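Novice: The following comprises the amino acid sequence and a computationally predicted model.
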Amino acid sequence: MPVDKRFRMKIVRSTKTPRTERRPSAVARVNVKPTTAEILRAFKRSRDYREIIARIPKAATVEGWEKGTQVAYFSVGSKTGSAQFLDLWDCDHFDFVSDMRLSVSNSRAWFSHGGFSTWGSGQTKTGRINCFFNASTAGAYSCVAQLRSDPASATSRVECLIDNSSFGVLPFTGTILQPHFSVLSAGGHHFRIRQVDGAFYFLSLTVYRF
C-alpha cells in the first residue's frame with residue numbers, strides 16, 4: 001500500500017546538539033526464583049502474619065507451603081505449572097539498561113515513571129502486569145509478588161489485584177517478596193499489578209495453593 005497522499009516530505013534542520021541526561025547503569029542481576037523458605041521469612045515479617053495463619057494454619061511452615069502446593073510461576077524468562085499468560089503493558093526498554101536483550105536474559109521488566117525526557121520518555125506511570133493462571137481446585141491461594149524499586153533506595157507504589165478485587169496500594173523499597181492471599185474458585189484467574197508511583201522492576205510471581 002502506498003503512503004497516504006496527505007503526507008508531504010520535507011527537509012528539516014537540526015543544527016544544535018541536544019543536551020541529554022546521563023544514562024543510568026544497568027542494575028545487578030538478582031535471583032528471580034525465590035525459595036519457599038525466603039518467601040516464608042518475608043511473610044513472617046508482615047504486620048498481618050498472625051491474622052493470616054489464624055485462617056490458613058498451613059501457611060505457618062515451609063512444609064505447609066511446599067506439599068504439592070506451588071501451582072504456577074511467572075517471570076520474563078519462563079512460566080511453569082498452571083501459568084498460562086504473562087502480559088506486560090507499557091514496560092520500558094532503555095538501551096543498555098532495560099533493553100529487550102537484558103530484560104529477557106535477566107528475567108525482569110522495568111517500568112519507569114519520571115526523568116529521561118531528553119531520550120524520549122513519556123514519563124508515564126501506566127505500567128501493567130497480568131499473570132493469568134489456572135486454579136485446579138477451589139480453595140485458599142497465595143500469589144507472591146517479587147518486585148524491586150528503582151533505585152533500590154527509593155520507594156515505589158503499586159496496586160495488586162486478583163481478578164478485579166484490589167489488595168490495596170503496596171509501598172515498597174528495595175527488593176520485596178509480598179504474599180497476597182485469596183480464596184479462589186476453580187478455573188482461570190488474573191493476578192494484576194498496576195503502577196501507581198515510582199519506577200520498579202517486575203521480577204516474578206509465584207502462586208501457591210493451601
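Specialist: On my side now, so go ahead.

Novice: Check the gap between Ala135 and Arg194 for me.
Specialist: Distance, Ala135 to Arg194, using C-beta to C-beta, to the nearest Å: 22 Å. Where you see a C-beta, it was placed from the backbone N, CA and C, and this is true even at glycine.

Novice: ignore the last one, Gln146
Specialist: Counting by C-beta to C-beta, the gap from Gln146 to Arg194 is 16 Å.

Novice: for the lowest-mean-pLDDT helix or strand in the chain, the distance to its chain's centre please.
Specialist: The helix or strand with the lowest mean pLDDT-type score in the chain, counting by mean pLDDT, DSSP states H and E, is helix 100-105 (a mean of 89). Between the centre of helix 100-105 and the centre of its chain there are 15 Å (C-alpha atoms, centre = their mean, to the nearest Å).

Novice: Could you list the low-confidence segments of the chain?
Specialist: Applying pLDDT under 70 to the chain flags no residue at all.

Novice: Longest helix in it, please.
Specialist: helix 36-44 (DSSP state H).

Novice: contacting residues around that one?
Specialist: 49, 52, 59, 61-62, 65-66, 70, 144, 176-179, 206 (C-beta atoms under 8 Å, 6 or more residues apart in numbering).

Novice: Pick the one among the residues you listed closest to Thr118.
Specialist: Ile176 (31.1 Å; C-beta to C-beta).

Novice: To what extent is the residue nearest to the closest one when sequence neighbours are not counted buried, counted in neighbours?
Specialist: Distance criterion C-beta to C-beta, 6 or more residues apart in numbering; nearest residue to Ile176, sequence neighbours excluded, is Leu147 at 5.6 Å. The tally of other residues near Leu147 (other C-beta atoms under 10 Å) stands at 25.
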